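1. Okay, predicted coordinates and the sequence, questions at the end:
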Amino acid sequence: MTATATAPAPLPLLKHPTPEAEIRQLLEAWAAALMARDIDALMAHYAPDAVIFDSIPPQRMDSPAEYRRFWEDCLPAFPEGFRVEMRRLQLRAEGLLALAHLEQRILGMEERVPETRAWYRTTIALAREGGRGPWRIIHEHQSVPFDPYTHQAEFEYGHP
Amino acid sequence: MNTPHTSETTDKAQIQNVIDQWRDAFLARDTDAVMALYLPDAMVFDAIPPHRISGVDMYRKTWEACMPYFSAPFTLEWRKVEIEVSGDLATSHSEYRILGLEEQTEMTRAWLRNTTIYRRVAGGWKIMHEHTSVPFNPETNQAEFLIEWD
């Protein structure tokens, strides 16, 4: 199934959503937006003051505007029909703050770009305004570890 | 009604205090004091092997294996520390670096990105997750070390 560039359908209202269920839904919506190459939909999940540590330079991005440009530069290189896969999600929410860590990888380009074979470690922080406001990502940290002798990124991370 | 010991400022100061305790324990090379700051089932994403550390017992072994590399007096420096707290859950993100090591290579002087998740339990705030990294250059697949010589 090829990804098309249409806006994703609005999130279905969960009847009595727990914060955990809401965050899981947000992560799926995030992945769907990326696969649809819909940067507007992707960026809607980020707070205006979000701080991002991504797996490739720069060291940090202190504004979603920077992050948006980052995706505008990167996405054209992703092949048709690429998929985002997630696993090992651990999530905890309390009041207006939710924190999670998980692993993510991109499927569909690993032959051409071996580094996408890696499971990327991700830690995220989300906040909401008021008890029913939408969750937004206020911080995201994604990385691949490295070998301290060769300084080579360890793309075999997460693989047996 | 806000009582002083539950105010947001106080909670953030408590998290800063955990960071300070971690720094002091590391500088003192006191493994027990470092490990006392972690929950038993803490999950650590480290920049170097073992990349994924599950539980404080495993982390203790990793930490002890690293201590010989810190034989000379060294210092730790933080910047851009941001803390968020809600009830018994908190997070911080920051950059820190190690200065003064005998073998001061590019790698050892680099600013490291850190994100930590804390939970308040009976014994106070403890670390339940820690993620430390540097980015990699996708053209060379090499770790990219941010060095500032001052």
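-> Looks like it came in fine. Computed from a predicted model, the values in this text were never measured in an experiment.
2. Do a quick rundown of the helices in chain A.
-> A:19-35, A:39-43, A:64-74 (DSSP state H).
3. show me what contacts the residue nearest to residue B:48 when sequence neighbours are not counted?
-> Sequence neighbours aside, residue A:148 is the residue nearest to residue B:48 in space, at 4.6 Å (criterion: Cβ to Cβ, 6 or more residues apart in numbering or on different chains). Bear in mind the C-beta positions are built from the backbone N, C-alpha and C, glycine included. When contacts are counted by Cβ atoms under 8 Å, 6 or more residues apart in numbering or on different chains, residue A:148 is found next to B:48, B:49, B:107.
4. which stretch among the helices of chain A comes nearest chain B?
-> Closest to chain B of those is helix A:64-74 (Cβ to the nearest Cβ; 9.2 Å).
5. could you check the angle helix A:19-35 makes with the closest one?
-> 40 degrees (axes from the mean of the first three to the mean of the last three Cα atoms, to 10 degrees).
6. Show me what helix A:64-74 is packed up against.
-> helix A:39-43, strand A:46-53 (3 or more Cβ pairs under 8 Å, 6 or more residues apart in numbering or on different chains; DSSP states H and E).
7. quick one: buried residues of the helix or strand of chain B with the lowest mean pLDDT?
-> Lowest on mean pLDDT, DSSP states H and E among the helices and strands of chain B sits helix B:106-109, with a mean of 80. For helix B:106-109, the neighbour count (16 or more other Cβ atoms under 10 Å in any protein chain shown) marks B:107, B:108, B:109 as buried.
8. which secondary structure elements does it contact?
-> strand B:89-99.
9. residue ranges of the helices in chain B, please?
-> With DSSP H as the criterion, chain B has helices spanning B:8-27, B:31-35, B:56-66, B:106-109.
10. Can I get the ones you listed in a markdown table including distance to residue A:102?
-> Formatted as a markdown table, these follow (distance: least, Cβ to Cβ, whole Å):
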| stretch | distance to residue A:102 |
| --- | --- |
| helix B:8-27 | 23 |
| helix B:31-35 | 25 |
| helix B:56-66 | 20 |
| helix B:106-109 | 27 |
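11. Out of those helices, which gets nearest to residue A:71?
-> Nearest of the helices of chain B to residue A:71, taken as Cβ to Cβ: helix B:106-109 at 29.1 Å.
12. what does the closest one contact?
-> With Cβ under 8 Å, 6+ apart, helix B:106-109 has contacts from A:148, A:151, B:97, B:98, B:99, B:101, B:143, B:145, B:147.
13. Within range of chain B, give me the residues from chain A.
-> A:51, A:53-60, A:90, A:92-97, A:99, A:101, A:115, A:121, A:123, A:125, A:127, A:138-139, A:141, A:143-148, A:151-155, A:157-158 (Cβ under 8 Å from any Cβ of the partner chain).
14. Among these, name the ones in strands.
-> A:51, A:53, A:90, A:92-94, A:97, A:99, A:101, A:121, A:123, A:125, A:127, A:138-139, A:141, A:143 (DSSP state E).
15. Before I go, just wanted to say thanks for your time.
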